[in-house]
Every structure is written in structure tokens, then in C-alpha cells.
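**Q** Okay, sequence plus prediction incoming.
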Amino acid sequence: MALPESTILASRLDWLGSDEPYFFERSHSEQEIPKVPHHIPEVIGTGHYQAMHLPLNQVIRKGVFTFSPEASGQLYPLAKITERFTEPVLCIQSVHKGRVVVTDHSSGRDFMVSNNASLFMHADFRHNSASLDTSEDINLVILIIGRSVLNNLIGEEQAHLLLNGLDVGMAPGSTMNKVPLHIDTLIHSCFLDHLTGSIARLHAQAKVLEYICGLHKYFASSIENEASKPDIKKLIHQIHHDLMMQEGKLPVITDLARQYGLSPRMLNKEFMSRYGKSLYSYISEVRLNEAHTVLKKTDIPMKTIAKNLGYSHVNHFITAFGKQFGYTPGSLRKKLSSSDSLR
């Protein structure tokens, strides 16, 4: 089966956890990789990886890791991956089992990829490092799709809606998204041991197409319908009301947006238009004003106030309070205590 020229110009993988420096490089015509063992010490575990260049010009890779009991509980640095592409690509990293920490060196951000959250990256250059949580065996799949390939598959307008729904509309961009299990299972069923050659690629291609359709239906449909929502202002007002009534840590923007049938981009845009600040800046300011009142009128411990406001540690609350008011909550209470003692 003749394959199109890959969107991937060049790939380089440097193993990080081995005693001796080791790496391999692949050109755009060498993206098909048979099942080969991972270059990791036996004391850590075993595993293999493989890759297929699919007929419609996507590249899909799979990594399987099994860890020894002695290695359990570590964060094992596996590899650094550097790749150049002919155009911006959508790179999806999904874990069916276990956890992988992916460091995006371009943005300096770390992402925990697990069966609860997949990593979506939209860029024309990839510079990542991967570390493995050895507490559990790992099954990892990576799918790379060029933007023009995605446009050809579902249409340019629908590809735009999908990328916006995933919150990676602008390149470079990267974010985590929870993908429903019935969709995520499709990408993890691409590799079957009893299939080889062209039939293996055709099977994987069919599953990838189902997966893309599933992603589009789940993530792009709410974006497509947003423009026709006459009650968007009413919905933003409802979100504002609900958040004002909520105590503790706020949900992440992607979960909150999906709860109300919006995209994260649309939610932030409409909230800022209505209230003049980004959603989290606004809520933080309101909560800190409420905390200021509570500190003045009650003797509730600062730890309790911080917890009710959703801060993971009282020091984070103290820092945020100081930035907003120019003085710490402790100094406010001390000043009020001194005023009371003089009366």
C-alpha cells in the first residue's frame, strides 16, 4: 500500500533513563515502526512501542510499559521527544491505563495524562519530555494529524469548530480534555496483535476516523450551536449566580464550560463582556472582598476562610489577599484588635 508523504518532517527521541546516552532519529519516510522493546533498565520494567503511518496520512503510536514491583512509586524519566512538522498538527496523547507526566518545553507546562484526561496539542513543533508513574502499568497512544489532513477529512469549518471545542484553536496551544470512555476506547483499539501489514493499517485507519467523528460530535457540537443561542446573556447570568453560591474550589474552565454547553473560549469571552473581567479574576475578587468582611466581623480562623474560598493552602489565600488589598489578613485583624482595645 503506497502511503502519502508524512506531515512529520523529522523525529528524534532521546532516552533519559538509561545509563548510557541513547537516541534514534526518524525522517518523514520512516514513521512506520514495528514493535520494538523500550530502552529502559530491566530493574524498572519492560515494554514495547510501535507506530503506523496510516493511509489517510496520520501517524499513530503505541507504548506499553510493565513495571517491576521494586520500581513502584517512582516518577521515571523516559524520554525527550523533538519533532518538526510541515504544518501545524493536532497531537493527541491518550492513556488507557496508568499515568504519564508530559512536559511541554515550549510553554514550560506539565500535564498529567491519565484515563481521566487526554492531552491535545496544536503546533508545528513538538518539544516534550515524558515521565512515567511506575505505580501502575501504562498503555499510551499518540495520534498526530496535520491541519490540512483534518480539513480534508471533516471540512475546514468543522475542523475549526473541533479545535475551538478542544480549546486549542490557536497554534501553538495545549490543553487537557476529558474524553468520554466510548470515544477514547476507539483510539486504543487501533493496534491488534493478530493483524499485520496493510490490513493492520486499514483497521487502525477506520478506528481513527471513528475517533475523530466522536471527538467532533462531542466537542464541536456545542461550539456550532453557540452562535444560534439567543439566551447566551441569560446563561452567563445563571453561571455567575451559580458560582456566587458555590463554596470551595471552583471547577476547571473546561469542565465548567461543558456543564453549561459552551466552549471555554466562549465562556470566558461572554463573561468578560458582561462583567468586565475574566471569570476566575472576577470570582477571586468577589471572594476576597467577602473574606475581608468576614475577617473584620468574625474571629473565624484564616485556615477555615481559606478553605471555604477554595485555596489549597492558607499561604495562597494570604498572598492573594495581600495583592488585592495591599496588606495581609493578619495585619487587618491586628489593626482591628488594636482599635477595639483603645475604646
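**A** Good, I have the coordinates.
**Q** use CA for all of it now, contacts and neighbours both
**A** Noted.
**Q** Before we go further, Asp110 is sitting in a strand, right?
**A** Yes - applying DSSP: H, G, I helix; E, B strand; the rest coil, one finds Asp110 inside a strand.
**Q** Now do the contacts for it.
**A** Counting by C-alpha atoms under 8 Å, 6 or more residues apart in numbering, Asp110 touches Val101, Val102, Thr103, Asp104.
**Q** Return the subset of those lying in helices.
**A** Judged by DSSP state H, the contacts of Asp110 include no members of helices.
**Q** from those, which is closest to Glu5?
**A** Glu5 has its nearest neighbour among those in Asp104, at 26.3 Å by C-alpha to C-alpha.
**Q** what's the span of stretch 38-46, first residue to last?
**A** End-to-end span of stretch 38-46 (C-alpha to C-alpha, to the nearest Å): 7 Å.
**Q** what does the domain assignment say about the chain?
**A** 8-224, 232-277, 281-341 (automatic domain parsing).
**Q** Just the residues contacting the helix or strand containing Gln238, thanks.
**A** Here Gln238 is covered by helix 232-245, with elements defined by DSSP states H and E. Helix 232-245 is contacted from outside by Glu226, Leu250, Tyr260, Leu267, Glu270, Phe271, Arg274, Ile283, using C-alpha under 8 Å, 6+ apart.
**Q** quick revisit: the contacts of Asp110, buried ones only, as a ChimeraX selection?
**A** Command for ChimeraX that selects the buried part of the contacts of Asp110, burial taken from 16 or more other C-alpha atoms under 10 Å:
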select :101,102,103,104
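**Q** pull the helix or strand with minimum mean pLDDT from the chain.
**A** The helix or strand of the chain with the lowest confidence, counting by mean pLDDT, DSSP states H and E, is helix 221-226 at a mean of 56.
**Q** what's the first-to-last distance across stretch 191-204?
**A** Length of stretch 191-204, first residue to last, C-alpha to C-alpha: 7 Å.
**Q** Run through the strands of this structure in chain order.
**A** 8-15, 22-27, 33-37, 45-53, 58-67, 75-97, 100-104, 109-113, 118-133, 138-146, 173-177 (DSSP state E).
**Q** Select from these the stretch with the lowest mean pLDDT.
**A** With a mean of 83, strand 22-27 has the lowest mean pLDDT of the strands of the chain.
**Q** Now do it: distance to the chain's middle.
**A** Distance of strand 22-27 from its chain centroid, counting by C-alpha atoms, centre = their mean, to the nearest Å, is 27 Å.
**Q** With stretch 260-275 instead?
**A** Centre-to-centre, stretch 260-275 and its host chain are 19 Å apart (C-alpha atoms, centre = their mean).
**Q** CA atoms of it as PDB?
**A** Only the C-alpha atoms of stretch 260-275 are listed here, as PDB (Å, rounded to 0.1, in the frame of the first residue of the first chain):
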ATOM      1  CA  TYR A 260     -23.300  24.700  30.500                       C
ATOM      2  CA  GLY A 261     -22.900  23.600  26.900                       C
ATOM      3  CA  LEU A 262     -20.300  26.300  26.000                       C
ATOM      4  CA  SER A 263     -16.700  26.200  24.900                       C
ATOM      5  CA  PRO A 264     -14.100  27.600  27.300                       C
ATOM      6  CA  ARG A 265     -13.300  30.300  24.900                       C
ATOM      7  CA  MET A 266     -16.900  31.400  24.500                       C
ATOM      8  CA  LEU A 267     -17.500  31.200  28.300                       C
ATOM      9  CA  ASN A 268     -14.500  33.500  29.100                       C
ATOM     10  CA  LYS A 269     -15.400  35.900  26.200                       C
ATOM     11  CA  GLU A 270     -19.000  36.300  27.200                       C
ATOM     12  CA  PHE A 271     -18.300  36.500  30.900                       C
ATOM     13  CA  MET A 272     -15.700  39.200  30.400                       C
ATOM     14  CA  SER A 273     -18.100  41.100  28.100                       C
ATOM     15  CA  ARG A 274     -20.800  41.000  30.800                       C
ATOM     16  CA  TYR A 275     -18.700  41.600  33.900                       C
END
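**Q** still on that earlier bit, for the helix holding Gln238, what is the distance to the chain centroid?
**A** 25 Å.
**Q** please renumber so the chain begins at 58
**A** Done: numbering now begins at 58, and the last item shifts to helix 289-302.
**Q** Quick check: mean pLDDT of it?
**A** Across helix 289-302, pLDDT averages out at 84.
**Q** Now it: buried residues?
**A** Across helix 289-302, burial judged by 16+ other C-alpha under 10 Å covers Ile289, Leu292, Ile293, Ile296, His297.
**Q** ok, now stretch 142-162?
**A** In stretch 142-162, counting by 16+ other C-alpha under 10 Å, buried: 142, 144-161.
**Q** next one: it to chain centre, how far?
**A** Stretch 142-162 sits 9 Å away from the centroid of its parent chain (C-alpha atoms, centre = their mean).
**Q** Also stretch 98-107?
**A** 26 Å.
**Q** Just give me the closest of the buried residues of helix 289-302 to His96.
**A** Taking C-alpha to C-alpha as the measure, His96 lies nearest Ile296 of the buried residues of helix 289-302, at 49.6 Å.
**Q** Make JSON lines out of the contacts of Asp167 and add distance to His184.
**A** What follows is the contacts of Asp167, written out as JSON lines (distance: C-alpha to C-alpha, whole Å):
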{"residue": "Val158", "distance to His184": "14"}
{"residue": "Val159", "distance to His184": "10"}
{"residue": "Thr160", "distance to His184": "8"}
{"residue": "Asp161", "distance to His184": "6"}
